[in-house]
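Asker: model this:
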Amino acid sequence: MSLVRLNIKGISYSQTQNGAYALILSEEDGERKLPIVIGAFEAQSIAIALENEIRPPRPLTHDLFKTFADRFGIVVKQVIIHKLVDGVFYSSIIAERGADEEILDARTSDAIALALRFNAPIFTYKDILNQAGIHLQTTPVNQDETEQQDGAIAKLLGQDTEQEPKRPNYAKHTVKELKELLSQAITQEDYETAARLRDELSKRNK
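Answerer: Next up, the predicted model:
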């Protein structure tokens, strides 16, 4: 079966009590996206791995795994999302230690969190992408397309977009206030908020 390389496009945040998040993967040479529902902790871990300037006060579980692997000469070479059963994605981590190669079963969210820390590529099989891939434009060009995309993600998360509380608007905050809020968010290990604050600061620096 043919492998398709995937890139991480982002995480869709849900503020409802079910704690659901959607990790959006995109095929490298195409327009299809592969949304995968993940838990809150894994979403945080992936978010801070994507934001290089955000450092947790203490190492997360995936950071500890990376340190452990480095200490014993283990390298994650690639991650393959190899199976989809009843809406659940199954993944394998391909790891090497010297001349030895091992294939490890892992939850997809954990596998991707580790792939980011090892700069390892992420793949899936073409038939899985054909089965579960959807078309979402990276940058909607109008309000209708924005609502369509939000609706597709909401359907995946099993919620109604009309019930989602609005996210904080940081446009009126000063740079100093944003930096203070960012520091507080990191200390409280609220990495989704930290990522949004970092995005707002990045816009101000352009």
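Asker: I'd like the next helix or strand past the helix or strand bottoming out on mean pLDDT in the chain.
Answerer: Sorting the helices and strands of the chain by mean pLDDT, DSSP states H and E puts helix 143-157 at the bottom, at a mean of 47. As assigned by DSSP states H and E, the chain's next helix or strand after helix 143-157 is helix 175-187.
Asker: So what touches that next one?
Answerer: Identification of contacts with helix 175-187 by C-beta atoms under 8 Å, 6 or more residues apart in numbering yields 54-57, 170, 173, 191, 193-194, 197-198, 200-201, 204. C-beta here means a position set from N, CA and C on the backbone, and glycine is covered the same way.
Asker: Does residue 68 fall in a helix, a strand, or a coil region?
Answerer: Of the three states, residue 68 takes helix under DSSP: H, G, I helix; E, B strand; the rest coil.
Asker: Let me see the confidence value for it.
Answerer: For residue 68, the model assigns a pLDDT of 95.
Asker: Not counting its neighbours along the chain, what's nearest it?
Answerer: residue 74 (7.8 Å; C-beta to C-beta, 6 or more residues apart in numbering).
Asker: if I read this right, that neighbour contacts residue 97, doesn't it?
Answerer: Yes: using C-beta atoms under 8 Å, residue 74 makes contact with residue 97 at a distance of 4.9 Å.
Asker: And the two? Which one has more around it.
Answerer: residue 74 (17 against 12; other C-beta atoms under 10 Å).
Asker: List the buried residues in stretch 78-98.
Answerer: 78-82, 84, 89-95 (16 or more other C-beta atoms under 10 Å).
Asker: residues making contact with that stretch?
Answerer: 3, 6, 34, 36, 69, 72-77, 101-108, 111-112, 114-115, 120-125, 128, 131-132.
Asker: Give me the buried entries from those residues.
Answerer: Members of the contacts of stretch 78-98 classed as buried by 16+ other C-beta under 10 Å are 6, 34, 36, 69, 74, 76, 106, 108, 111-112, 114-115, 120-125, 128, 132.
Asker: so of the residues you listed, which ones are in helices?
Answerer: 69, 108, 111-112, 114-115, 128, 132 (DSSP state H).
Asker: what about the residue nearest to residue 116 when sequence neighbours are not counted, which helix or strand?
Answerer: Nearest non-adjacent residue to residue 116, counting by C-beta to C-beta, 6+ apart: residue 49, 3.9 Å away. Using DSSP H and E, residue 49 sits in helix 40-50.
Asker: Next, the angle helix 175-187 makes with that helix.
Answerer: 130 degrees (axes from the mean of the first three to the mean of the last three C-alpha atoms, to 10 degrees).
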